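[1] Structure of the sequence below:
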Amino acid sequence: MSNILIIKHGSLGDIAQASGAIQDIFENHKDDQIYLLTTKPYFDLFKKNPYLTDIILDKRLSKFNLIYLFSLMRKLKKLKFFKVYDLQNSSRTSFYKKILFPNSNNWSSSETTLPKEKSKDEFDKNPVLDRFMHQLKTSGLKVSHTMKPDFSWSCCDISNLKTQFNLSKYILLFPFCSPHLPQKKWPYYNKLISLIKDKYQDQCKIVIAPGPNEISNAKEFNAECILDHGQSISISQLASLIKDSSFVVANDTGPAHMAAHLNAKGITLFGSHTTAYKVSIEREKFKPIQVNDLNKLSPEKVLEKIDLN
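    So this is what the prediction gives:
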């Protein structure tokens with residue numbers, strides 16, 4: 001029995017995408033102990049993952065914080081990892097490789113498995129799930145789940161929450177986005193809400209579930225705000241809320257990627273910031289609307305794509 005390390009620091013959408021790769025790593029190392037290195041926001045979430053033996057916290061302090069760095073490296077080296085699968089593929093994890101395995105083939109990353117004919121910049125233009133598949137296959141693994149991630153392991157029982165808000169049939173909207181990426185924000189959610197109410201009357205509720213930094217802005221939208229004792233619901237509660245919804249409409253954010261890999265029915269709205277193809281978000285029930293300018297995407301066009309059947 002050997003110890004295996006997976007590195008996945010975040011973000012939320014990326015973790016949903018990596019669920020299939022993590023399952024494939026598990027199925028190729030069933031006789032081994034599999035540890036995962038992650039950050040505080042996702043530490044408790046990964047505790048729920050059935051394919052992991054234990055979770056290690058990386059506080060991600062400055063690389064110049066030598067005391068912390070020495071402590072983390074000592075903890076990792078003590079476990080004598082036979083293989084490391086770097087699913088974060090960041091400059092930070094590349095730095096970790098230089099410390100942990102400077103002259104070893106036991107580190108799997110997009111960089112160490114890069115096709116000979118491509119630069120990393122060229123390779124990174126491929127869809128994210130294709131990149132994971134190439135990394136794991138080149139590392140000698142049999143790949144069965146990487147291209148079809150299943151994020152349902154993240155769900156929990158929300159029967160009390162659904163009773164509290166009287167949720168049975170509901171459309172779930174995610175009108176928010178990161179403040180530093182305003183180009184991802186579609187500006188017509190309130191108009192869409194009015195159109196939904198006109199079309200469906202009392203057939204379903206319209207709800208939003210703001211994150212911790214979005215609660216103060218939630219009052220801008222004419223939809224019921226789902227909170228847990230005045231606070232944002234947990235990631236696991238959010239996953240279940242998405243999975244049980246009748247339909248999801250979302251900007252290109254973490255919850256959109258969760259919905260895609262929870263087999264939820266819905267749509268996500270893309271402007272020119274990236275393509276749905278590159279981020280591997282299109283699924284059987286979850287489709288993107290891709291336009292050059294989100295400001296020119298009409299709410300009537302979005303309404304046409306909502307299907308409650």
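
[2] what's in contact with the one helix or strand in the chain whose mean pLDDT sits lowest?
    Lowest mean confidence among the helices and strands of the chain (mean pLDDT, DSSP states H and E): helix 120-123, at a mean of 89. Contacts with helix 120-123, where a contact means CB atoms under 8 Å, 6 or more residues apart in numbering, come from 110-111, 114-115, 131. Where you see a C-beta, it was placed from the backbone N, CA and C, and this is true even at glycine.

[3] What of stretch 272-284?
    Stretch 272-284 has contacts (CB under 8 Å, 6+ apart) with 13, 17, 125-130, 181, 183-184, 252, 256-257, 260-261, 263, 268, 270, 288, 290, 292-293.

[4] what's across from the spatially closest residue to Phe101 that is not a sequence neighbour in the sheet?
    Nearest non-adjacent residue to Phe101, counting by CB to CB, 6 or more residues apart in numbering: Trp107, 4.7 Å away. Taking DSSP bridges as the rule, Trp107 bridges to Val84.

[5] Now do the contacts for Trp107.
    Trp107 is in contact with 83-84, 86, 97, 100-101, counting by CB under 8 Å, 6+ apart.

[6] same thing but 6 Å
    Contacts for Trp107 (CB atoms under 6 Å, 6 or more residues apart in numbering) come out as 84, 97, 101.

[7] which ones among the contacts of helix 120-123 are found in helices?
    Of the contacts of helix 120-123, the ones assigned to helices by DSSP state H are Arg131.

[8] From the contacts of helix 120-123, list the buried ones, please.
    Neighbour-count burial (16 or more other CB atoms under 10 Å) is assigned, among the contacts of helix 120-123, to 110, 114, 131.

[9] Next, work out how far apart the closest residue to the first one other than its chain neighbours and Lys120 are.
    The shortest distance from Ser110 to any residue that is not its chain neighbour, by CB to CB, 6+ apart, is 4.5 Å, and that residue is Asn89. The gap separating Asn89 from Lys120 is 9 Å, by CB to CB, to the nearest Å.

[10] Who has more neighbours out of those two?
    Asn89 (21 against 10; other CB atoms under 10 Å).

[11] and that one, helix, strand or coil?
    Following DSSP: H, G, I helix; E, B strand; the rest coil, we place Asn89 in the coil state.

[12] Which pLDDT value does the model give it?
    Looking at Asn89, its pLDDT stands at 94.

[13] helices or strands next to the longest helix belonging to the chain in the packing?
    Scanning the chain for the longest helix, with DSSP H as the assignment, gives helix 12-28. Applying 3 or more CB pairs under 6 Å, 6 or more residues apart in numbering; DSSP states H and E, we find helix 12-28 packed against helix 128-138, helix 254-260.

[14] same thing but at 10 Å, please
    Counting contacts by 3 or more CB pairs under 10 Å, 6 or more residues apart in numbering; DSSP states H and E, helix 12-28 is packed against strand 3-7, strand 33-38, helix 40-46, strand 81-86, helix 128-138, helix 235-243, helix 254-260.

[15] quick check: domain ranges of this structure?
    Taking automatic domain parsing as the criterion, the chain consists of the domains 3-148, 161-305.

[16] Dump the ones you listed to JSON lines, plus distance to Ser154.
    Shown next, in JSON lines, are these (distance: least, CB to CB, whole Å):
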{"stretch": "domain 3-148", "distance to Ser154": "6"}
{"stretch": "domain 161-305", "distance to Ser154": "4"}
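
[17] Which among those domains is found nearest to Cys155?
    Cys155 sits nearest to domain 161-305 of all those, at 4.4 Å, using CB to CB.

[18] Do me a favour and average the pLDDT over the closest one.
    Mean predicted confidence for domain 161-305 is 96.

[19] Which residue, neighbours along the chain excluded, lies closest to Leu195?
    In space, Leu195 is closest to Leu303, 4.8 Å off (CB to CB, 6+ apart).

[20] Ile206: helix or strand, and which one exactly?
    strand 205-208 (DSSP states H and E).

[21] Mind listing residues that contact the strand or helix carrying Glu304?
    Taking DSSP H and E as the definition, Glu304 sits inside helix 299-305. Residues external to helix 299-305 that are found in contact with it (CB atoms under 10 Å, 6 or more residues apart in numbering): 186-196, 198-200, 247, 249, 266-267, 269, 287, 289, 291, 298.

[22] Just the buried ones from those?
    186, 188-189, 192-193, 195-196, 200, 247, 249, 266-267, 269, 287, 289, 291.

[23] No further queries at this time; thank you.
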